[in-house]
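Chemist: Okay, here's the prediction I keep looking at, along with the sequence it came from:
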Amino acid sequence: MKAADYLDARLVQFLDVSTRDEAIDALIELLDKQGKLPNRKQFRQAIFQREQLVSTGIGMGVAVPHAKLAELRRFFIAIGIQRIKGIEWNALDKAPVRLVFLIGGPDNRQNEYLQILSQLTSAFKNVELRKELLKAQTPQEVISLFQKS
């Protein structure tokens with residue numbers, strides 16, 4: 001299992017937003033349009049409840065908002081790329097966020113979730129990958145960069 005297995009070009013969005021909430025809402029809207037959310041309102045509420053516990057801005061310009069709900073059948077990752085100006089996210093390193101990986105999935109598969117998160121975190125440590133993601137021009141290019149890493 002690789003994190004790239006959970007990626008889908010239809011779930012990649014180039015953002016032009018000003019706030020964390022706008023970024024999350026844009027990705028939730030994308031997920032809803034792609035039929036990934038049985039209950040958009042419930043998923044949004046779970047994402048923001050998690051965000052209130054502690055910021056999902058993990059540093060290096062990356063945020064990983066996430067929610068696990070019984071209604072979700074499989075894991076998915078929506079990717080938001082904010083190319084121009086970073087988003088204030090109250091990240092651990094105080095750096096603005098430009099790469100958002102919103103994860104959703106079933107609440108009864110914690111090991112699978114931890115594997116996904118571990119693989120993504122390893123990928124984020126690659127400075128070149130982060131730079132290339134910010135330069136990507138198409139959703140397919142974003143997916144391809146992950147498949148190579």
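Modeler: Cool, the structure landed. Predicted model, so just to flag it, every value in this text is computed and none were measured.

Chemist: quick one, strands of this protein?
Modeler: Using DSSP state E, the strands of the chain run over 12-15, 57-59, 62-63, 66-68, 76-82, 99-105.

Chemist: burial count for the residue nearest to Gln42 when sequence neighbours are not counted?
Modeler: Excluding its sequence neighbours, the residue lying closest to Gln42 (C-beta to C-beta, 6 or more residues apart in numbering) is Leu69, at 6.6 Å. Glycine gets a C-beta too; all of them are placed from N, C-alpha and C. Using other C-beta atoms under 10 Å, Leu69 has 16 other residues around it.

Chemist: what's Leu69 in contact with, if anything?
Modeler: Contacts for Leu69 (C-beta atoms under 8 Å, 6 or more residues apart in numbering) come out as 39, 42-43, 46, 104, 106-107.

Chemist: for Asp107, same thing?
Modeler: So Asp107 contacts 68-70, 72 (C-beta under 8 Å, 6+ apart).

Chemist: any chance of those in JSON lines, plus pLDDT and distance to Ser149?
Modeler: Formatted as JSON lines, the contacts of Asp107 follow (pLDDT from 0 to 100; distance: C-beta to C-beta, whole Å):
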{"residue": "Lys68", "pLDDT": "94", "distance to Ser149": "25"}
{"residue": "Leu69", "pLDDT": "95", "distance to Ser149": "28"}
{"residue": "Ala70", "pLDDT": "94", "distance to Ser149": "32"}
{"residue": "Leu72", "pLDDT": "95", "distance to Ser149": "26"}
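
Chemist: Out of the strands of the chain, flag the one nearest Leu129.
Modeler: strand 99-105 (9.7 Å; C-beta to C-beta).

Chemist: Look at Gln110 and say how many residues are nearby.
Modeler: So Gln110, with other C-beta under 10 Å, has 11 neighbours.

Chemist: Which of the contacts of Leu69 fall within helices?
Modeler: 42-43, 46 (DSSP state H).

Chemist: No further questions, thank you.
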